[in-house]
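Student: One predicted model, sequence on top.
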Amino acid sequence: MTDKKNKDLYYLDDLSDYKVASGYSDVRGWVVKDAENRAIGRVEGLLASKSAERVVYLDVEVDEDLIEEGHRTYATSASKGVHGFKNEEGENHLIIPIGLANLDEDENEVHTDRINRSTFARADRFKKDTTFDQDYEVRMYQLYTGDTSQESSVYDDKFYNRKEFDRSKTRNTSR
């Protein structure tokens, strides 16, 4: 959980002074497809950073079949003979940085040409309306990009300056 006084991410619906910027599509409800054009879920919400003053994540409700594919009764053991659960019952949401999304406005779809289904299946998920911490953001960033240079302990105000959070990099792929 995140310390409330240091909270920076909010659902766009919860911020009265924020809205989808003109010239950008409101993608809530749109199907999300992976790099191989397979559906992984639907955009349920948009997460805005108050410090960056813009939307930085899509909150995706993951399809049940992806959850089944990614569910491992026993995740990697911490030590021999010790096992833990990766995702708990009801954890069916994950975040995608806005800069990793491409929009197909003709089909009302979001495409992620850099992330495949198996990556999404391995991703840590959370329950709807759960506040997650910066460690979760960094883990997801590392999983999606392969960039392990960002450590949770040095998360700073420049985290959202990366191209993965730049919505101007979000392309419209309409035909």
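Tutor: Here it is on my side, so go on.
Student: burial count for the nearest residue to residue 114 once chain neighbours are set aside?
Tutor: Leaving aside its chain neighbours, residue 114 sits nearest to residue 100 (5.7 Å; criterion: CB to CB, 6 or more residues apart in numbering). Yep, even glycine has a C-beta here, placed from its N, CA and C like the rest. Neighbour count of residue 100, defined by other CB atoms under 10 Å: 22.
Student: Residue 31 too?
Tutor: Residue 31: 18 neighbours (other CB under 10 Å).
Student: my guess is it contacts residue 39, does it?
Tutor: Yes: under the criterion of CB atoms under 8 Å, residue 31 makes contact with residue 39 at 5.4 Å.
Student: Which residue would you name as the spatial centre of the chain?
Tutor: residue 95 (1.3 Å; CA atoms, centre = their mean).
Student: Number of residues surrounding the residue lying closest to it once chain neighbours are set aside?
Tutor: Of all residues not flanking residue 95 in the chain, residue 57 sits nearest, at 4.2 Å (CB to CB, 6+ apart). The number of residues packed near residue 57 is 23, by other CB under 10 Å.
Student: repeat for residue 147
Tutor: Residue 147, neighbours per other CB under 10 Å, totals 12.
Student: Can you check which helix is longest in this protein?
Tutor: The helix that spans the most residues within the chain, counting by DSSP state H, is helix 134-145.
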